[in-house]
Structures are given as C-alpha cells and as structure tokens.
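mind looking at a prediction? Sequence and model below.
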Amino acid sequence: MVYFLIAVILLAIVLVGYLALQGKKNAERRLADAREEAQRWYERLGGQTVNLVPDSDSPAAKQALADAGERYTASGSQLERAQTRRQYELAGDTALEGLHYVRAAREAMGMDPGPEIPGLSGQARAGSIKESMDVDVDGKHYHASPQPDARAQHYYPGGMVSGRPVPSGWYSEPWWKTALVAGAWGIGSMMIFDALISPGFDSGAIDGAFADGYADGFNDAGGDFDGGDGGDFDGGGFDGGDFGGGGDF
C-alpha cells in the first residue's frame, strides 16, 4: 500500500511537471505567433508607405500618408519594447491602422485601394460619414465629408476615441487628436464632437452600428457616451505620442 501511494505521488509530480512544461511551450508559441503577426503588418505598412508617392495635386493623400508614417514609427517603437503577447498585438494593431491610412491615400488619388485588410477595434461600431456636414463652433467652421475635398483633407479610419465614436471619413481638422494624445476629451474637442458628430446620428448623415442603436448611450446634458465597453480607440495600440501634441480647438 505504501509503495502504491509513493508511485501515485511520483506519477502526480511527473504529470504536473509535464503539464507545466506544455503550458510554457504553448505560451511561448503564442508569443512567437503574436510577434510574427505584428511584424508582418509592420513590414507591409513600411513597404507601402515607402513605395507610394503622393500626388502633388492631392494634399489629402499626402496628409494620409504622413499619418500612415506616424503609425509606422509608433508600431516600430512598440515592437522594440514588446515583451508580452498583448504588447505585440497592440503593435500589430497600430500597423493595421497605418494601412487604413494608406488605403485612404490611394483612394484619394483615384487608385485601387488594394486588398482588404482587417477592421480596427470599434471601427464598425463608430460608423462612417455618409454625407457632408458643416458646423460652426466657437467662431470656427468645421467640415466633414465621406470623400476628401478642398475643405476636408484629414482622414480618420473610425473608432472609439476616449469612449466616444468618431466615424470614419474626412475632416477639415483632426480635432480628435487631442483626445488621442491626452487620453481624454478637452472641452474644445467635446464641443466639436457634440456639434458635428452627435446630430449626425439622428439625421442619418452617419451610418454604422452606433447610428442604428447605440445613440441612446448619450445623455442630453453633456453628450457623454455610456454604451458599450468605452475602450479608447488607438488602433489597438497607438498611443498618440507621435502626433506631436496640440491643444484643444
């Protein structure tokens, strides 16, 4: 009986050791897969930003490629620092965001946008601009359009920015960048959001899942968004540090 108990204990120790070793190998494999995936998107973004020359007659395309280049730099920095699976995923998401800017640049120049790429976190939920919108906030004019035009040359691929949905489309100014950099909306940016974006959901000027049912997440007093997970939209990992700051509009 004693020998049997000893054998059982030894077997249990061997089994625990085997399971621990397998778990470690699986974790290492998942980490390696995440690293390779992020590296793949990073290299693809680098190749497209280098090989695509913006049309001199398309300032919108030039700006979109500049934004793509910022994501390329940010993704590279994230890859250098990454040590966990999640950190590699964030780096890959930043590169994917850059690829969305490249697609926008190609479309702005009348080119084929290229093969489809995965959507970004919160992108479908935020919807997209369907028609031109114009508002005046604190004596300044703001414009949004589904396509680049003479007044809208700053592209945003769409997503949640500090808990608020910013639809994909072209804008006269990148008024959402302050929230990306600071991690919270300033009063000036909130005023623009409430004036430009919030009415668009009611008027049908913005489509997407949010426009179809999430609008109830706003309260009338401050336009705060209460629905969903409220996660910041940063391309999954772009922290906005390369935007170069900028105050509220």
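Received, thanks.

contact partners for Ala105?
Taking C-beta atoms under 8 Å, 6 or more residues apart in numbering, we find Ala105 in contact with Leu52, Pro54, Ala60, Ala61, Lys62, Ala64, Leu65, Ala68, Tyr155. For every residue, glycine as well, the C-beta is placed using N, CA and C.

now the third one. Nearest residue, chain neighbours left out?
Leaving aside its chain neighbours, Ala60 sits nearest to Pro148 (3.5 Å; criterion: C-beta to C-beta, 6 or more residues apart in numbering).

wait, a helix at that neighbour?
No - under DSSP: H, G, I helix; E, B strand; the rest coil, Pro148 sits outside any helix and is assigned coil.

was I right about it contacting Trp170?
Yes - if you go by C-beta atoms under 8 Å, Pro148 and Trp170 touch, sitting 4.7 Å apart.

what is in contact with these two at once?
Both Pro148 and Trp170 are contacted by Ala60, Tyr155, under the criterion C-beta under 8 Å, 6+ apart.

what number of residues lie near Ser58?
Ser58 has 17 neighbours, counted by other C-beta atoms under 10 Å.

equivalent analysis for the one 5 residues further on, please.
A count of nearby residues for Gln63, using other C-beta under 10 Å, gives 21.

looks to me like it is in a helix.
Yes - judged by three-state DSSP, Gln63 forms part of a helix.

surely it is in contact with Trp170?
No - taking contacts as C-beta under 8 Å, Gln63 lies outside contact range of Trp170: 9.6 Å.

joint contacts of those two?
Joint contacts of Gln63 and Trp170 (C-beta under 8 Å, 6+ apart) are Gln153, His154, Tyr155.

okay if I get the residues you listed as TSV plus pLDDT, neighbour count and distance to Gly47?
Formatted as TSV, the shared contacts of Gln63 and Trp170 follow (pLDDT from 0 to 100; neighbours: other C-beta atoms under 10 Å; distance: C-beta to C-beta, whole Å):
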residue	pLDDT	neighbour count	distance to Gly47
Gln153	95	22	25
His154	97	19	24
Tyr155	97	25	20
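
and which of those is nearest Ala7?
Tyr155 (67.8 Å; C-beta to C-beta).

hang on, the earlier thing: so which of the shared contacts of Gln63 and Trp170 are in strands?
Among these, the members falling in strands (DSSP state E) are His154, Tyr155.

now for the helix or strand where Met190 lies, which elements pack on it?
Here Met190, judged by DSSP states H and E, is contained in helix 187-192. Under the contact criterion of 3 or more C-beta pairs under 8 Å, 6 or more residues apart in numbering; DSSP states H and E, helix 187-192 touches strand 133-137, helix 177-182.
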